[in-house]
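Visitor: give me coordinates for this.
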Amino acid sequence: MNLQILAPDREIFKGSVKSVRVPAIGGQFEILSKHAAVVGALEKGNIRVIDTKGESTNFSIEDGFVEVLDDQVVILVSGIV
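Guide: Predicted coordinates for the structure are as follows:
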């Protein structure tokens, strides 16, 4: 699946990934390939990205929103901590 993480002033990440874990309001959840369509609000916390090679990258965010549709994940964040 494809992931794009955007802040107001720049693109933080863009690429193919195996999974993404996000700090949603009400608890974390993980997004895998073929995930159902969803839009959700994010709170301050960590986004964990597992790329296609199995390597993990973390991004600490202020808050934001996530949208999943047709194996495309777009995360809009207000800022990176």
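
Visitor: state which strand of the chain is the longest.
Guide: Longest strand in the chain, counting residues (DSSP state E): strand 10-24.

Visitor: pull the CA atoms of it into CSV?
Guide: Output of strand 10-24 as CSV, limited to C-alpha atoms (Å, rounded to 0.1, in the frame of the first residue of the first chain):
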residue,chain,number,x,y,z
ARG,A,10,6.3,19.9,3.7
GLU,A,11,6.0,16.2,2.8
ILE,A,12,7.4,14.1,5.6
PHE,A,13,7.1,10.6,4.0
LYS,A,14,6.0,9.1,0.7
GLY,A,15,6.4,5.5,-0.3
SER,A,16,5.2,1.9,-0.3
VAL,A,17,4.8,0.3,3.1
LYS,A,18,3.6,-3.0,4.8
SER,A,19,1.9,-1.4,7.8
VAL,A,20,1.3,1.9,9.6
ARG,A,21,0.3,2.3,13.3
VAL,A,22,-1.3,5.6,14.2
PRO,A,23,-2.2,7.2,17.5
ALA,A,24,-6.0,7.7,16.9
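
Visitor: contacts for that strand, please.
Guide: 1-6, 28-33, 40-52, 54, 57, 59, 61, 66, 73, 75, 77, 80 (CB atoms under 8 Å, 6 or more residues apart in numbering). Using the backbone N, CA and C atoms, a C-beta is placed for each residue, glycine as well.

Visitor: now do the helices in the chain.
Guide: Assigned by DSSP state H, the chain shows no helices.

Visitor: any low-confidence regions in it?
Guide: Within the chain, no range satisfies pLDDT under 70.
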